[in-house]
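J.: Make a model of this:
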Amino acid sequence: MDKKQFTVKEKKATLYMAAKEDCPLIVLNNYSGDGSSVVEALEQRNCSGFNLLCIGKLKWDHDMTPWYCPPLSEKDTPCTGGANEYLELLLSELLPKAKDMIKGEPSHISIAGYSLAGLFALYSMYQCDAFDRVASMSGSLWFPDFKDYCFNHTMKRIPAKVYLSLGDAEAKTSQPLLKTVQDNTGKIAEHYRKSGMNVTWELNPGNHFKDAAMRSAKGIAAIL
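T.: Here you go, the predicted model:
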C-alpha cells in the first residue's frame, strides 16, 4: 500500500492507500504510532482493497471523550470532553484531505477505534451521518452515562455493520467504573440488535492491553 502523511492542526495523519479505485475508507483514531502494526495485522488476515486513515498526536483524554469524567485514580488525569470539537476537525479537514488523496470515491466511509477511540467511534454515530459502519475494539464503554446515552438517543445514520469487542479480563478490576465495561458493552450490543442493526459482539482473551493491533485488525476486517 502507498503511504502518505500529513498534519492538520497538530494532528498527524497517516494514509494507507489502496491501489484500486473506489475502495472503502476506514478512519482509525490512534493512541500512538502511525497504524503500521494494524496494517500488518490486516495483511496477515489477507485483507486488501481498502484505504486506512490513521490519526495520531491526539489529545487522548480530551479529543476522544464526549463529556467530563473525573480521574479514575490519584495518578490518572480527567477526561475533558472534547469529542465534538475534534469530530468537527475530522469532518471538515482531515477526512476531506484523505478523500482527495485516494483513488476514486470510497465505496463506504467507516470509523474504528480502540479504547477511548472505540468510545469516540460509537459517539460519532450519534453526532453525524458521515460513517456507514463502526467498530469499537476494547471500547471504553464504562464511560459514565454512555450506556444510557445510547439507549436514549438515535444514531444520525443506521450503520450497515457494528462491531464490538472486549478482552475477557477487562472487567476483572476493583475500579467501580471499569468493572461495568463488559456488562455495558453487552447491553449496548443487545440494544443495537433490537434496533435492527447487524451487530458482531465478541470477547478476546486477555486484559485491555493485550494484542491491541490484532484486535483492531479483527474489528476493521469485520466491517470491511
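
J.: C-alpha only now, for contacts and for neighbours.
T.: Fine.

J.: Just the C-alphas of the host helix or strand of Glu88, formatted as CSV.
T.: Glu88 is part of helix 83-89 when elements are defined by DSSP states H and E. The C-alpha coordinates for helix 83-89 follow below in CSV (Å, rounded to 0.1, in the frame of the first residue of the first chain):
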residue,chain,number,x,y,z
ALA,A,83,-15.1,14.9,21.2
ASN,A,84,-17.4,17.3,19.4
GLU,A,85,-14.6,19.8,18.7
TYR,A,86,-12.3,17.0,17.4
LEU,A,87,-15.1,15.5,15.3
GLU,A,88,-15.6,18.9,13.6
LEU,A,89,-11.9,18.9,12.6
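
J.: for the helix or strand following that helix, packing partners?
T.: Where DSSP H and E defines the elements, the next helix or strand beyond helix 83-89 is helix 95-101. Helix 95-101 sits against no helix or strand, with contacts defined as 3 or more Cα pairs under 8 Å, 6 or more residues apart in numbering; DSSP states H and E.

J.: Toward the C-terminus from helix 95-101, list the very next helix or strand.
T.: Next helix or strand after helix 95-101 toward the C-terminus (DSSP H and E): strand 109-114.

J.: Name the strands paired with that following strand and say parallel or antiparallel.
T.: strand 25-29 (parallel), strand 133-137 (parallel) (DSSP bridges).

J.: what about the closest residue to Tyr123 other than its chain neighbours, how many neighbours?
T.: Leaving aside its sequence neighbours, Tyr123 sits nearest to Pro66 (Cα to Cα, 6 or more residues apart in numbering; 7.2 Å). Pro66 is flanked by 22 other residues according to other Cα atoms under 10 Å.

J.: Could you do Lys3 as well?
T.: Neighbour count of Lys3, defined by other Cα under 10 Å: 13.

J.: so what's it bridging to?
T.: With DSSP bridges as the rule, Lys3 is bridged to Tyr16.

J.: list the contacts for it?
T.: Shown in contact with Lys3 (Cα atoms under 8 Å, 6 or more residues apart in numbering): 14-17.

J.: mind redoing it with 10 Å?
T.: Lys3 makes contact with 14-18, 36, 51-53 under the criterion Cα atoms under 10 Å, 6 or more residues apart in numbering.

J.: Next: Lys57.
T.: 7, 9-13, 29-34.

J.: can we see that at 8 Å?
T.: 10-12, 31-32.

J.: Now do the buried residues in the helix holding Glu88.
T.: 83-84, 86-87 (16 or more other Cα atoms under 10 Å).

J.: Helices along the protein, start to end?
T.: For the chain, the helices defined by DSSP state H occupy 36-44, 60-63, 83-89, 95-101, 116-127, 146-152, 181-194, 212-223.

J.: which one of these is the most hemmed in?
T.: With neighbours taken as mean count of other Cα atoms under 10 Å, the helices of the chain reach their highest mean count in helix 116-127, at a mean of 24.

J.: for the record, mean pLDDT for that one?
T.: Averaged across helix 116-127, the pLDDT comes to 98.

J.: How about stretch 187-203?
T.: Rounded mean pLDDT across stretch 187-203 is 98.
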